[in-house]
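Student: need a structure here:
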Amino acid sequence: MASHRKPRTRVRSTAPAVGLTTAALASVTLLSTQSAVAAPDPRPSVEDVQKKVDDLYRQAGTATQRYNRAKEATAAQRAEVEGLLEDVAERADRLNDARRTLGAFAAAQYRNGSVAPTATFFLADDPQSYFDQSQLMERMTSRQQKAVTDFRVQQERTAKKRSEAVRSLETLTTAQASLRTSKQDVRTKLSEARTLLSKLTAEEKARLAEIERKKEAEARRKAEELAKQQAAARDAKKSGGTGTGTDAGTGTGTGTDGGTSTGTKAEQVLAFARAQIGKPYVWGATGPASYDCSGLTQAAWKAAGVDIPRTTWDQVKIGTRVATADLRPGDLVFFYDDISHVGIYKGDGMMIHAPKPGANVREESIYYMPIYGSVRPA
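Tutor: The predicted structure follows:
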């Protein structure tokens, strides 16, 4: 007898073999890991290190100027706070004198046999609460009324000065916090620069020194070009400027319209700057043993009897702006877009400046760094 059961259909599984797939994925992962380990980050070139170090020094210069500004603000704020506290103390003494006068009047009434409302007024913690009571005021003598008025005035003035002192102390706290932050920024940038340089091999350090020599040579070449241009301009002025009148000067190229005074000041500035050559750069320093860039320029002009601000950002705002081609000895030349460096022009495209940490005050071409602009302080 024939069977009527349907034959069973075999269903082929399309699922992948788990073991094979896992092994394949493991192999890919292993290969990826090996590739990552086998291909470390490429070592930076000497040129890259130089650019990074120069940028870190520039950033440290900017942080130094922030530090200088914060330090100056802190000193000024501290002086203001001390003055206010002295004022508050003096006013507190006057307030106590006025209070003692009121107390004397109250004591006198008490000795007379009773504590009148007037005495209650004198002895109150807040005499002002009684001040507007006209009936009570009418009972006082003119001398008593004057004592009350003096007390009220001293109380108001003392309270006002105390409020000023509190606000000034808050500002001082903010300035001190900014000072600490700026100081840490400088240290961080300089530490990063030293770390980068310490990782260079002897061969790489030699290559870096060669790059620096080429950079200095190019800067000197540009300085010599400027010197020739300025000399040619002076010669042209001498040969064609004899009939232009006394306002044009005596033929030296500096002019006599304030030229004698300006020339003398510039000579004093340069004499001071030359005497500092060889002293170390120290950020935040203003001499006499060491300087930062703006500390040197400030000290040099002070030696000539001219007070200029502490930071490059404030120094660039003083005096008269001068084109590079018109620079004279004593002028201040500023560098970088953020105006984080300054030097003293000495003539022939050269300057005297405090360069950076690890270097000493020295003469150098003004073209060693990108020029922002120049000013003549006086």
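Student: please, where are all the helices along this structure?
Tutor: 18-38, 46-111, 117-123, 128-131, 134-139, 142-198, 202-240, 259-275, 293-303, 312-315 (DSSP state H).
Student: which one of those is the most hemmed in?
Tutor: Counting by mean count of other Cβ atoms under 10 Å, helix 293-303 has the highest mean neighbour count of those, with a mean of 24. All C-beta atoms are positioned from the backbone trio N, CA, C, and that covers glycine.
Student: take that helix, keep the C-alpha atoms, and write them as PDB.
Tutor: The C-alpha trace of helix 293-303 is given here as PDB (Å, rounded to 0.1, in the frame of the first residue of the first chain):
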ATOM      1  CA  CYS A 293      61.700  93.500  26.700                       C
ATOM      2  CA  SER A 294      59.300  96.200  27.900                       C
ATOM      3  CA  GLY A 295      61.200  96.500  31.200                       C
ATOM      4  CA  LEU A 296      64.300  97.400  29.300                       C
ATOM      5  CA  THR A 297      62.600 100.000  27.100                       C
ATOM      6  CA  GLN A 298      60.900 101.600  30.100                       C
ATOM      7  CA  ALA A 299      64.100 101.800  32.100                       C
ATOM      8  CA  ALA A 300      66.100 103.200  29.100                       C
ATOM      9  CA  TRP A 301      63.600 106.100  28.500                       C
ATOM     10  CA  LYS A 302      63.400 106.700  32.300                       C
ATOM     11  CA  ALA A 303      67.200 107.200  32.300                       C
END
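Student: want to throw the helices of the chain into a markdown table with mean pLDDT and distance to Arg376?
Tutor: Conversion of these to a markdown table gives the following (pLDDT from 0 to 100; distance: least, Cβ to Cβ, whole Å):
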| stretch | mean pLDDT | distance to Arg376 |
| --- | --- | --- |
| helix 18-38 | 47 | 59 |
| helix 46-111 | 80 | 21 |
| helix 117-123 | 52 | 67 |
| helix 128-131 | 53 | 59 |
| helix 134-139 | 50 | 67 |
| helix 142-198 | 80 | 29 |
| helix 202-240 | 93 | 15 |
| helix 259-275 | 86 | 8 |
| helix 293-303 | 98 | 11 |
| helix 312-315 | 97 | 12 |
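Student: can you redo these as CSV with distance to Glu364?
Tutor: Formatted as CSV, the helices of the chain follow (distance: least, Cβ to Cβ, whole Å):
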stretch, distance to Glu364
helix 18-38, 46
helix 46-111, 14
helix 117-123, 76
helix 128-131, 69
helix 134-139, 78
helix 142-198, 19
helix 202-240, 7
helix 259-275, 12
helix 293-303, 12
helix 312-315, 17
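Student: of all those helices, which one is nearest Ala354?
Tutor: Closest to Ala354 of these, according to Cβ to Cβ: helix 293-303, at 4.6 Å.
Student: what sits up against the closest one?
Tutor: Helix 293-303 has contacts (Cβ atoms under 8 Å, 6 or more residues apart in numbering) with 61, 65, 68, 265, 268-273, 276, 281, 284-288, 291, 307-312, 315, 332, 341-344, 352-355, 361, 377-378.
Student: what's the answer for stretch 328-339, then?
Tutor: With Cβ under 8 Å, 6+ apart as the contact definition, stretch 328-339 has outside contacts at 58, 61-62, 65, 254, 262, 265-267, 269-270, 297, 304, 312-313, 315-316, 319, 322, 324, 327, 341-347, 351, 366, 369-377.
Student: please apply the same query to stretch 280-291.
Tutor: Applying Cβ under 8 Å, 6+ apart, the contact partners of stretch 280-291 are 60, 64, 67-68, 71, 183, 186, 190, 276, 279, 292-293, 295-296, 298-299, 310, 354-361.
Student: please apply the same query to stretch 359-369.
Tutor: Counting by Cβ under 8 Å, 6+ apart, 215-216, 218-220, 222-223, 226, 273, 276-281, 291, 296, 324, 327, 333, 335-336, 341, 343, 345-346, 349-355 sit against stretch 359-369.
Student: go with 6 Å
Tutor: If you take Cβ atoms under 6 Å, 6 or more residues apart in numbering as the criterion, stretch 359-369 is touched by 219-220, 222-223, 276-281, 333, 335, 349-352, 354.
Student: how near is the residue nearest to Arg99 when sequence neighbours are not counted to Pro280?
Tutor: Excluding the flanking residues, the one nearest Arg99 by Cβ to Cβ, 6 or more residues apart in numbering is Phe151, at 6.4 Å. For Phe151, the distance to Pro280 (Cβ to Cβ, to the nearest Å) stands at 60 Å.
Student: and for Leu85?
Tutor: To Pro280, Leu85 is 38 Å away according to Cβ to Cβ.
Student: pick out the residue nearest the middle of this structure.
Tutor: Arg66 (1.8 Å; Cα atoms, centre = their mean).
Student: I figured it was touching Ser182, is that so?
Tutor: Yes - checked against Cβ atoms under 6 Å, the pair Arg66 and Ser182 is within contact range at 4.2 Å.
Student: next, Asp337: phi, psi?
Tutor: phi -60, psi -30 (degrees, to the nearest 10).
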